[in-house]
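Trainee: Predicted model follows, preceded by the sequence.
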Amino acid sequence: MDAERTLLAMVLADSRFPAGAHAHSLGLEQAVAGGLRAGDVPAFAAARLRLVAEADARVAVAARRGDTPLADLDEEWCARCPSPVLREAARRLGAQLLRSAASVFEGRRIPAYRATSRATPRPVALGVVAAAAGLDDEAVALLALYDDAATVTSAALKLLPLDPAVTTRWLAELAPAMALAARAVAADRRPVADQPAPAAVALELAATAHQRHKERLFAS
């Protein structure tokens with residue numbers, strides 16, 4: 001990846017990019033309510049990488065490639081996410097990402113997808129934005145994986161008595177696993193429908209319980 005594309009990837013990965021992730025904990029808030037402790041956060045983030053983020057990265061890469069109609073990818077992702085609460089969270093995150101990216105990246109792909117998609121799940125939206133930014137498959141896969149883990153560790157700072165240096169170290173320790181997974185995702189040329197979609201039943205059930213709480217810090 002050349003310097004310009006590296007910089008664009010860094011812009012999208014920056015927590016200051018207004019993509020809406022700051023309003024989400026990706027299930028961590030409910031897990032903390034259920035007894036998860038500070039020392040358990042790395043294992044929680046690693047489990048999400050295996051069970052959720054890698055499958056989402058595969059969808060994002062497919063959207064970047066453009067080999068499959070985006071409407072089909074929308075349906076495929078929604079079919080793999082049985083929780084209506086999580087589908088709605090992904091829709092909001094995807095719509096916010098597209099809105100912000102449309103102001104940054106030129107071209108017709110982002111506006112066209114915004115105009116035609118009713119679902120706008122974040123993984124598909126991320127692939128569309130990555131294509132507009134000129135990122136390659138491995139870069140968009142790594143971006144999807146990093147965004148998931150960084151959202152969890154950022155939320156942990158608001159939910160638990162933690163030092164920011166500690167959560168940053170956790171992200172660094174996950175880097176080798178994220179890099180390895182990103183390479184595997186980028187090398188897989190199968191259609192998304194033929195690729196693995198690990199289940200995260202506990203997270204899906206927890207999302208419904210979290211939605212019932214009247215007082216909560218995060219939307220998910």
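Mentor: Received, thanks. What you see is a predicted model; the values in this text were computed from it and never measured.
Trainee: quick one, what contacts residue 126?
Mentor: Residues near residue 126 by C-beta atoms under 8 Å, 6 or more residues apart in numbering: 60, 63, 94, 97, 140, 143, 144, 147. Any C-beta I mention is one placed from the backbone N, CA and C, and that applies to glycine too.
Trainee: change it to 10 Å
Mentor: Contacts of residue 126 were listed using C-beta atoms under 10 Å, 6 or more residues apart in numbering, and they are 12, 19, 56-57, 59-61, 63-64, 93-94, 97-98, 101, 135, 140-141, 143-144, 147.
Trainee: Mark which of those are buried, thanks.
Mentor: Neighbour counting by 16 or more other C-beta atoms under 10 Å classes 12, 19, 56-57, 59-61, 63-64, 93-94, 97-98, 101, 135, 140-141, 143-144, 147 among the contacts of residue 126 as buried.
Trainee: picking that back up, now, the contacts of residue 126 that are in helices?
Mentor: 12, 56-57, 59-61, 63-64, 93-94, 97-98, 101, 140-141, 143-144, 147 (DSSP state H).
Trainee: pLDDT on stretch 29-44, on average?
Mentor: Summarised as a single mean, pLDDT over stretch 29-44 is 94.
Trainee: first vs last residue of it, how far apart are they?
Mentor: End-to-end distance for stretch 29-44: 11 Å, by C-alpha to C-alpha, to the nearest Å.
Trainee: From the chain's centre, how far out is it? Work that out for me.
Mentor: Averaging C-alpha positions (C-alpha atoms, centre = their mean, to the nearest Å) puts stretch 29-44 19 Å from its chain's average.
Trainee: Which positions in that stretch come out as buried?
Mentor: Judged by neighbour count (16+ other C-beta under 10 Å), stretch 29-44 contains these buried residues: 29, 30, 31, 32, 36, 41, 42, 44.
Trainee: Farthest-apart pair in these, please.
Mentor: Farthest apart among these by C-beta to C-beta are 30 and 42. That separation is 17.8 Å.
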